[in-house]
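# I'll drop the sequence and a predicted model, then ask my questions.
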Amino acid sequence: MKALTSLVCLGMFALSAHAADIGVVGLFPGKAVLVVGTSAPKIYAVGSNVVDGAKLVAADNVSATIEVNGKRQVLAIGEHVHRSSPSGNTSITLHAGANGHFMVQGQINGGSSVEMLVDTGASFISIPAADAKRLGINYKNGRIGRSSTANGIITVYLVRLDSVKIGDVELNQVDASVNEGGLPVTLLGMSFLNRMEMRRDGEQMTLTKRF
């Protein structure tokens, strides 16, 4: 009966758990159903590595024990733990410009520097075609999609970037779109930002890598 209750609770807590690095959404003897970041729920057996630096070390019908960078934390269904990199180089602080926007210099696929505008309204990193060509992104091989802009619906090319780096923060396998419609600057959208913790304090914004 407890196992059945755990499965029912899975659906109830999945949405809130997506906001955490590692969230518990189901429990069984010797196993736990965990959500890592925005990934789909997955069953892990005791002893399994969940992600780098995090391991499931115990589980029953009541709680799961996760060891993160050598420290253990006991979690019930609906609770979560944040995983931080032992290197510590996981944050960058941005400063708003005169127009109130946050701009940052970054690298895509290890190439030359590209200026990006932080845009929480963009679903993906959105790259002007000119920048994509300069960075050697063969976007014409990407999947064709449609995007709604102030100028109407436009055609974009959906690609996956090998890496995106700003400051000391680097993410791999990040979804992006390439825009041939005259986009003036690369937008640092939610395909990157939803893997970060975002904290704003006045004219400063701190981005901390979650996973």
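Arrived safely, thanks for sending.
# measure the closest residue to residue 60 other than its chain neighbours to residue 126 for me?
Leaving aside its sequence neighbours, residue 60 sits nearest to residue 29 (CB to CB, 6 or more residues apart in numbering; 5.4 Å). In short, each C-beta sits where N, CA and C put it, glycine included. Applying CB to CB, to the nearest Å, the value for residue 29 to residue 126 is 46 Å.
# again with residue 152
Distance from residue 152 to residue 126, by CB to CB: 16 Å.
# Which one's more surrounded, the two?
residue 126 (23 against 8; other CB atoms under 10 Å).
# With adjacent residues omitted, what lies nearest to the more buried one?
Closest to residue 126 by CB to CB, 6+ apart is residue 187, at 4.1 Å.
# How about the contacts made by the one you found?
Applying CB atoms under 8 Å, 6 or more residues apart in numbering, we find residue 187 in contact with 116-117, 119, 122, 125-127.
# Am I right that residue 208 is in a helix?
No. Counting by DSSP: H, G, I helix; E, B strand; the rest coil, residue 208 is not part of a helix but strand.
# Could you tell me how many residues sit around it?
16.
# What of residue 50?
21.
# Determine the three-state secondary structure at it.
Per three-state DSSP, the secondary structure class of residue 50 is strand.
# Show the contacting residues for it.
Shown in contact with residue 50 (CB under 8 Å, 6+ apart): 22, 34, 36, 44, 56, 66.
# State the phi and psi torsions of the second one.
Just to be clear, that refers to residue 34. Phi and psi for residue 34, reported as degrees, to the nearest 10, are phi -120, psi 150.
# and it, how many neighbours does it have?
29.
# Wait, it touches residue 64, no?
Yes. Using CB atoms under 8 Å, residue 34 is in contact with residue 64, at 7.5 Å.
# Quick check: neighbours shared by the two?
Common neighbours of residue 34 and residue 64 (CB under 8 Å, 6+ apart) are 24, 56.
# Domains of this structure: list them as residue ranges, please.
2-81, 91-209 (automatic domain parsing).
# Export those domains to a markdown table and append columns for mean pLDDT.
Formatted as a markdown table, the domains of the chain follow (pLDDT from 0 to 100):
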| stretch | mean pLDDT |
| --- | --- |
| domain 2-81 | 73 |
| domain 91-209 | 90 |
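# Which members of the contacts of residue 187 occur in strands, if any?
Using DSSP state E, the subset of these located in strands is 116-117, 125-127.
# which parts of stretch 176-192 are buried?
In terms of neighbour count (16 or more other CB atoms under 10 Å), stretch 176-192 has its buried residues at 176-179, 183, 185-192.
# From those residues, pick the one nearest residue 141.
residue 178 (10.6 Å; CB to CB).
# neighbouring strands for the helix or strand the closest one falls within, and are they parallel or not?
Residue 178 belongs to strand 169-179 when assigned by DSSP states H and E. Take DSSP bridges as the rule and strand 169-179 pairs in its sheet with strand 125-128 (parallel), strand 152-166 (antiparallel).
# re earlier: looking at the contacts of residue 50, which has the most residues close by?
Neighbour max across the contacts of residue 50 (other CB under 10 Å) = residue 34, 29 neighbours.
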